[in-house]
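Colleague: Here's a sequence, model it:
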Amino acid sequence: MTLSRPGIVLALALAAAAPVSAQEPTPGRPIRLLLASTKLAAVTDEPLHFMLVRVTVPAGQSFAYAGPHGMIYPVVGGLSVTMAGERKSVQEGEAVYVARGQRATLTAGQGGPATFLHYLLAPPANLGGSFHARPASVTELYRTPEGIPNLKPGPYEFTMTRVVAQPRSPAPPMHHRSGAALYYVLSGAWTIHLEDRTEPRGRGLVQYEPNGFIHTWENVGDTPGALLQANISPEGAPEIIFLPRPAR
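Modeller: Sure thing, here's the model as predicted:
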């Protein structure tokens, strides 16, 4: 897989720690906040798997990371990420991208341990590896059983987005991905509508959405719900392909 020049990668990673853009609020529609984004020159040189791990670092301690492409999202405590001598603080609600092979030092704040979600795009050679050195403790939450299907030659965008829906707001139309996505339920009581059934999705559950997976999400709870989404899609293409609503 071809990577950007190191300076460009670093600039993208550090810029991604702050929110990049937000969708204009529309009553009844989910709000999508883009937290981090980068471009991958190619995704078909070898199979790629989505992985999601939860990592905890003791207060005030550090570890070095150098592994697959990844998006980091803190869920408890503060975290600092240092790459090429540049240090950036990342808090809950923010994200940072670390490029494949980029050496990064991750440090928890002094006030308590830091826990973060780490989304990875891993080739087969990395599936059995351990990228988070001690004193970090790691729990694997999900990995795709096979490589992400239907990826095409050419550049792709790799993004992390936080999606918030108000309680009992209408579900968007049924849709599928132009690439693939991996969701984590941060909060709320959700239902995922599939072509032939509906299923509940609560806090902490993970949902994989490969190309061609037709579905939609609905917040069925009494409070706002939040989803965290890592997505890859062809550069310039919409992430989501909506299906026409059935005629009445």
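Colleague: got any ranges where the chain has weak pLDDT?
Modeller: 1-28, 246-248 (pLDDT under 70).
Colleague: Any idea what the residue most central in space within it is bridged to?
Modeller: What sits nearest the mean C-alpha location of the chain, by CA atoms, centre = their mean, is residue 230, with 2.6 Å. Residue 230 forms beta bridges with residue 160, residue 182, as assigned by DSSP bridges.
Colleague: Can you report how many residues neighbour residue 71?
Modeller: Neighbourhood size, residue 71 [other CB atoms under 10 Å]: 30. No exception for glycine: its C-beta is placed from N, CA and C like everyone else's.
Colleague: Could I get the contacting residues of it?
Modeller: 36, 95, 96, 97, 98, 118, 119, 158, 160, 230 (CB atoms under 8 Å, 6 or more residues apart in numbering).
Colleague: Quickly name whichever of those residues is closest to residue 190.
Modeller: residue 230 (17.3 Å; CB to CB).
Colleague: Distance to residue 147 and secondary structure added to the contacts of residue 71, as TSV?
Modeller: Putting these into TSV (distance: CB to CB, whole Å; DSSP: H, G, I helix; E, B strand; the rest coil) gives the following:
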residue	distance to residue 147	secondary structure
36	23	strand
95	24	coil
96	25	strand
97	21	strand
98	21	strand
118	19	strand
119	16	strand
158	15	strand
160	21	strand
230	16	strand
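Colleague: Please convert the buried members of these into PyMOL selection syntax.
Modeller: A single PyMOL command selects the buried members of the contacts of residue 71 (16 or more other CB atoms under 10 Å):
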select buried, resi 36+95+96+97+98+118+119+158+160+230
